[in-house]
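# after the sequence you'll find the predicted model.
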Amino acid sequence: MSETPIWPYSLAEALRNGGQGLWQASHRENVLCAGAIDQAIAAHFDGSHLNREAIEEVVRQFGFPRVNFVLANTVRQLNDGCFSENNKKWAGSLYLPADEFQGMNLRADYVVRSHPDVVDDFISLARQIYQERGLFDAGHCRSLSGEDLRGQVAVLNLATLKQDYQAPEFQIFLPDDGFGCSPAASGRRVFGIFLKDGVRGSFYRQDFIGLLKDEHMPEWAKEKLAALRAVGTHTETFLCPLAVSWYPPGPGGYPADTPEALEPYAAAPYEEAIRAAINQSSETEDAGRGLMAHYEGSGKVKDKVANCRPDVKRVEDTLYGAFVCQVKGELEPGERAELIQDLSRQARDDWGAAFEQQPIERLEGDLYISFWNGSEDWSLRPEAEVQEHQTMSGGMAMA
């Protein structure tokens, strides 16, 4: 089976993010997959009946995620009346943004060219086999539209999972944090846990097919969900001021030798770029614990705080460094103070020290972000305290 990952985004997006090689490899596999579907139809359609071996043959070669991707693309590109309404609805549920470059529709390169009536039969049979394997699709879900994902059981598109985890139990995900949970924030990260094993992960909102309907939720998932809700997991966020250095372009386009300090409010327009850099720098952190994998405090606090991840958060017009923690039960005041002390250490010496060495490259120059500024006024505080301080001080940032 092909191990080339699917790149669902456009070539333009790939060029912006250094993913041209990924786009090219995925595009090539999509073209091969469409051709293989045409060949399988020719070999297994007798003029009135399509043998299921046609689907099995292509799935063995390319895997269900890519086969589904190419079939959905075919339906949406052709928009033919021969396709059933169910199959049109199914195709519309998959994330397939436009891929146009220099006036060319690059999605047209991998359209299945067999007669649409037979392609429709192929799709219906492929969906049947997909469901026979217990995999979830849009038919098992209700729409994400207008929904806040926090605390709701969401279903991942199979294509977002690594090949070894492309099984129904790993499609079930419980979001608990991230801007992508908001219904108006497509394209932003959603954080949460896999119900199967409690391991934390992050995806984009568009990586989810929908919210799992109660009637399709497996018994094991209901039991896991009930146990998690009984524990009472909640989010606690701690904020600190950021130190932002900007190296404007110098001679020859290279960054200048001397940086300029930016005020945190001036860094706010770069929020998404900074968050992307943070996410990339945190990919090597323990997937289940984040920064808590390096916690040096008491075992009691380490048990209560399931996960902690760095982020940035805007309060009024000021951008702050953030540590977002998933807490089981309630932290005592002394435990919270201990947690703040250790996260301050990590901002200064561990994760933070490594992150502040990494440039965030922009056309207008390189940014360097530090969660620690070394001043006596630096502090890490609960989010509510920072918000209250900023409100009472008329929007003035916390030192």
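Great, that's in hand.

# now Phe179, nearest residue through space, not along the chain?
Arg188 (4.1 Å; Cβ to Cβ, 6 or more residues apart in numbering). Bear in mind the C-beta positions are built from the backbone N, C-alpha and C, glycine included.

# can you show me the helices along the stretch 51-200 of the chain?
All helices of the stretch 51-200 of the chain, identified by DSSP state H, counting those that start in this stretch, fall at 53-62, 64-78, 85-93, 116-132.

# please identify the most buried of those.
helix 64-78 (a mean of 22; mean count of other Cβ atoms under 10 Å).

# which elements pack onto that one?
Applying 3 or more Cβ pairs under 8 Å, 6 or more residues apart in numbering; DSSP states H and E, one finds that helix 64-78 makes contact with helix 20-44, helix 53-62, helix 85-93, helix 116-132.

# of those, which is nearest Ala347?
Within the helices and strands packed on helix 64-78, the stretch nearest Ala347 is helix 20-44; the backing value is 32.6 Å (Cβ to Cβ).

# one step back: could I get the helices and strands packed on helix 64-78 as JSON lines with distance to Ala337 and mean pLDDT?
Formatted as JSON lines, the helices and strands packed on helix 64-78 follow (distance: least, Cβ to Cβ, whole Å; pLDDT from 0 to 100):
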{"stretch": "helix 20-44", "distance to Ala337": "45", "mean pLDDT": "95"}
{"stretch": "helix 53-62", "distance to Ala337": "54", "mean pLDDT": "95"}
{"stretch": "helix 85-93", "distance to Ala337": "47", "mean pLDDT": "91"}
{"stretch": "helix 116-132", "distance to Ala337": "51", "mean pLDDT": "94"}
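
# sorry, back to before: you'd agree the residue nearest to Phe179 is up against Arg205?
Yes - at 6.6 Å, Arg188 counts as touching Arg205 under the criterion of Cβ atoms under 8 Å.

# who's more crowded, those two?
Arg205 (24 against 16; other Cβ atoms under 10 Å).

# my read: the more buried one touches Gly180, true?
Yes - counting by Cβ under 8 Å, Arg205 does reach Gly180; the two are 4.1 Å apart.

# got a list of what the spatially most central residue of the chain touches?
Taking Cα atoms, centre = their mean as the criterion, Phe203 is the residue nearest the geometric centre of the chain, at 1.9 Å. Neighbouring residues of Phe203 by Cβ atoms under 8 Å, 6 or more residues apart in numbering: 156, 160, 173, 180, 189-190.
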